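K.L.:
Here is a sequence with its predicted model. Questions after.
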Amino acid sequence: MKTLKRNVFILFAFIIGFTTIGVSSASAYTSQKFPVRPDRYGQWDGVTISKHVGGDIAVRVWQQGIHNGQQAETEWTLTSWETGKIYKQYLKYDYDGAFTFKNLPYGSYSLTWRS
C-alpha cells in the first residue's frame, strides 16, 4: 500500500510538472515572418494575433519601394476582436526597424497592412 501511494504521488507530481511546463511554454512569445509584396496601391493582407496576457505587440518591418526612386508607403492597422478598437501606424517611407503597439489587453487581434 505504501508503494502504491508513493507511485501515485510520483505520477501526480510528474503530470503536474508537465502541465506547468506546457502552460509556461504556451505563454511564450512566438514570432513569424510574413512576406508583404504589394505591386500596386490598395493591395492588402493580414494575420491574426492571439495574446494570452496583456502587453505590447512589436512589429518588425523592412520595407522599400519597388521602383527606382520610389518610397514604400504602408498603413498598418491592429484591430481588437473583442472591443473593435483600432490602432494605426502609417509608414510613408523606406523603413528598416520596428514599431510597437503598447499596453494592449489580452485577446485576439487582426494585424493588416495596406499599400
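P.N.:
Structure's in. What do you need?
K.L.:
how close does H52 get to P105?
P.N.:
H52 is 11 Å from P105, where distance means C-beta to C-beta, to the nearest Å. C-beta: built from backbone N, CA, C; applies to glycine.
K.L.:
so where do the strands sit in the protein?
P.N.:
Along the chain, counting by DSSP state E, strands occupy 44-51, 55-63, 74-80, 86-91, 95-104, 107-114.
K.L.:
can you list those strands in a markdown table and add mean neighbour count and mean pLDDT?
P.N.:
Below are the strands of the chain laid out as a markdown table (neighbours: other C-beta atoms under 10 Å; pLDDT from 0 to 100):
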| stretch | mean neighbour count | mean pLDDT |
| --- | --- | --- |
| strand 44-51 | 14 | 80 |
| strand 55-63 | 14 | 85 |
| strand 74-80 | 17 | 91 |
| strand 86-91 | 13 | 92 |
| strand 95-104 | 12 | 88 |
| strand 107-114 | 16 | 89 |
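K.L.:
doesn't V59 make contact with A98?
P.N.:
Yes - here A98 reaches V59: they are 6.3 Å apart, a contact under C-beta atoms under 8 Å.
K.L.:
list residues touching both of the two?
P.N.:
Applying C-beta atoms under 8 Å, 6 or more residues apart in numbering, one finds that no residue jointly contacts A98 and V59.
K.L.:
So what sits opposite L111 in the bridge?
P.N.:
V47, L78 (DSSP bridges).
K.L.:
quick one, what contacts it?
P.N.:
So L111 contacts G46, V47, T48, I49, I57, V59, W76, T77, L78 (C-beta under 8 Å, 6+ apart).
K.L.:
Same check on A72?
P.N.:
Shown in contact with A72 (C-beta under 8 Å, 6+ apart): Q63, Q64, G65, L91, Y93, D94, Y95, S115.
K.L.:
Roughly how far does the fourth one sit from E73?
P.N.:
Separation of L91 from E73 (C-beta to C-beta): 7 Å.
K.L.:
now do the third one
P.N.:
With distances defined as C-beta to C-beta, the gap from G65 to E73 amounts to 8 Å.
K.L.:
higher neighbour count, those two?
P.N.:
More crowded of G65 and E73, by other C-beta atoms under 10 Å: E73, with 16 against 12.
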